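>>> Just the structure for this:
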Amino acid sequence: MDKQQILLCNVHKEGNNQIQFLCLNEETPNNMQRRLLCNYCLEDLNETNLIIVSLDRIQMNNRTVKSWPPLNQNYAQSLFNLSDINASYIEEFYENLKISVCELIEKQKKQDLLKLNSCNNESVLNNYNQISGFKEIQQIINENCNSVNDLNLKLNEYIQSMYNQKEQNQKIFDEKFQNLTVTKPEKLNQIKDNILEQFQSIEILQKQQNLIIQMVQSTYEKSSKFIITNSNKSILINPNKHTGQVYSQEPIFNDKIYQFILKFNKKPQNYICVGFEEEQHKNRYLGQQGRNSFIFGQINGLFCNQLVKGSTNLQNIVNDQFIEQLIIEVQLSENKFYISDLPKKSAVNCMDQGQYKFDIQKKYYFTIQISNQDTQIEIISSKIIPNFTLV
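Okay, the predicted model is just below:
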């Protein structure tokens with residue numbers, strides 16, 4: 001390795017102070033005369049939020065530097081944690097997880113087996129026979145077998161008495177069977193699938209997914225009243241019972257396939273439009289044209305109403321029931337815009353290509369228009385994918 005040339009500070013000349021640092025900020029503080037700094041320069045600055053790198057670091061390339069290089073998204077910060085991760089850490093995490101999960105499974109299995117042993121088939125039948133009343137019914141039949149009319153009358157009286165003591169029957173039943181019921185296989189499979197889905201979401205080393213890091217308020221209606229909370233993981237949009245519109249701070253690329261996942265805190269009480277608006281119209285009502293957006297809260301053939309998969313149109317589904325999550329996939333250059341419910345993906349709607357065509361010469365922004373309600377929308381994922389997954 002070449003020896004670092006010694007550079008002397010010409011601000012603090014006493015004692016031949018060696019320049020050791022370089023300031024990487026886009027705009028340097030007013031009292032900073034130059035980017036090359038010695039120790040005394042740093043003391044004089046007494047500034048925070050400086051991006052400082054040592055000249056030794058530049059020569060040796062042995063560590064990362066916070067907030068460098070300049071990026072649209074701050075990926076560099078997460079690199080600092082990578083140095084603390086090794087194979088042993090990952091092995092230990094998953095081994096402990098496996099032990100904990102297996103212990104819980106064994107514990108639950110033992111509990112179910114104990115319950116089963118307490119109510120085996122013979123005991124179930126014995127307990128049931130004690131409360132079914134069949135013994136009394138058989139006795140009535142034996143005592144009145146010579147007269148069908150008398151028998152019918154007696155049986156009717158007894159059966160009615162059983163219905164009249166329904167609460168007492170329920171109490172005895174609960175005592176005998178300890179309120180035990182058998183979970184349906186479909187429910188058990190659903191529980192298993194949910195658990196497996198949670199396991200599949202575990203990632204110690206995660207790729208930064210969200211491409212849209214900020215949504216901004218438009219000038220439409222009361223957009224300025226919207227509360228937007230941006231974080232590294234998601235973007236939460238709270239309309240605060242107002243009507244307005246927000247859009248992505250940056251336009252999306254025309255030739256890329258984008259995937260967005262939205263989460264709603266409750267069923268929309270009024271209509272909401274989600275789509276992609278060209279730059280010159282991003283401050284007007286997104287639903288004005290309709291054809292480049294999907295609408296909640298009403299059935300309208302102009303708003304991505306073309307069903308391409310499933311038996312029921314997605315507009316009908318979101319209008320009739322609360323759908324917590326939706327997935328959107330779009331590629332402007334191919335004029336393709338798909339939307340579906342999550343996690344079932346029971347219906348996939350698309351934009352009618354005969355009604356609208358994205359102009360690849362223009363810039364388009366991911367846009368959400370919300371009308372007069374407090375339904376909150378969270379953008380929990382925004383990323384570029386290699387291929388469409390909805391069709």
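
>>> Name the spans of the stretch 201-350 of the chain whose pLDDT lies under the cut-off.
Low-confidence segments of the stretch 201-350 of the chain, defined by pLDDT under 70, span residues 201, 205-213, 232, 287-290.

>>> if you go through it in chain order, where are the strands?
215-217, 227-230, 235-238, 242-248, 257-264, 272-278, 293-296, 306-309, 325-331, 336-342, 348-350 (DSSP state E, counting those that start in this stretch).

>>> Please produce CSV containing the ones you listed, extended by distance to residue 128 and mean neighbour count.
For glycine as for every other residue, the C-beta is placed from the backbone atoms N, C-alpha and C. Converted to CSV, those look like this (distance: least, Cβ to Cβ, whole Å; neighbours: other Cβ atoms under 10 Å):
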stretch, distance to residue 128, mean neighbour count
strand 215-217, 61, 19
strand 227-230, 57, 14
strand 235-238, 54, 20
strand 242-248, 60, 23
strand 257-264, 46, 19
strand 272-278, 53, 24
strand 293-296, 50, 24
strand 306-309, 48, 15
strand 325-331, 44, 20
strand 336-342, 43, 22
strand 348-350, 49, 22
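
>>> quick one: the most centrally placed residue in the chain from residue 325, how far?
Centroid check for the chain by Cα atoms, centre = their mean gives residue 380 as the closest residue, at 4.8 Å. Noted for residue 380: a distance of 8 Å to residue 325, by Cβ to Cβ, to the nearest Å.

>>> Then residue 160?
For residue 160, the distance to residue 325 (Cβ to Cβ) stands at 51 Å.

>>> Sticking with the residue lying closest to residue 144 once chain neighbours are set aside, tell me its helix or strand.
Excluding its sequence neighbours, the residue lying closest to residue 144 (Cβ to Cβ, 6 or more residues apart in numbering) is residue 151, at 4.1 Å. Assessed by DSSP states H and E, residue 151 sits inside helix 148-164.

>>> Centre of the chain to that helix, how far?
Distance, stretch centre to chain centre, for helix 148-164: 59 Å (Cα atoms, centre = their mean, to the nearest Å).

>>> wait, which of the strands of the stretch 201-350 of the chain is closest to residue 125?
Nearest to residue 125, of all the strands of the stretch 201-350 of the chain, is strand 336-342, at 45.5 Å by Cβ to Cβ.

>>> what helices or strands is that closest one leaning on?
With contacts defined as 3 or more Cβ pairs under 8 Å, 6 or more residues apart in numbering; DSSP states H and E, the packing partners of strand 336-342 are strand 272-278, helix 314-320, strand 325-331, strand 348-350.

>>> Give me the sheet partners of that strand and which way each runs.
Within its sheet, strand 336-342 is paired with strand 325-331 (antiparallel), strand 348-350 (antiparallel), according to DSSP bridges.

>>> Now do it and strand 272-278, the angle between them.
With axes from the mean of the first three to the mean of the last three Cα atoms, to 10 degrees as the basis, strand 336-342 and strand 272-278 are set at 150 degrees to each other.

>>> which residues sit against strand 336-342?
Among residues not part of strand 336-342, those counted as contacts by Cβ atoms under 8 Å, 6 or more residues apart in numbering are 261, 274-276, 292, 294, 304, 308-309, 314, 317-318, 323-330, 346-351, 353, 388, 390-391.

>>> can you check stretch 312-327 too?
Residues outside stretch 312-327 that contact it (Cβ under 8 Å, 6+ apart) are 259-264, 266-268, 274, 294-300, 303, 305, 307, 339-343, 345-349, 380, 390.

>>> buried sites along that stretch?
Neighbour-count burial for stretch 312-327, with 16 or more other Cβ atoms under 10 Å as criterion, is recorded at 313, 314, 315, 317, 318, 319, 323, 325, 326, 327.

>>> Ok, stretch 25-34 next?
For stretch 25-34, using 16+ other Cβ under 10 Å, the buried residues are residue 32.

>>> Please enumerate residues in contact with it?
11, 23, 35, 41, 44, 45, 47, 49, 50, 51, 70.
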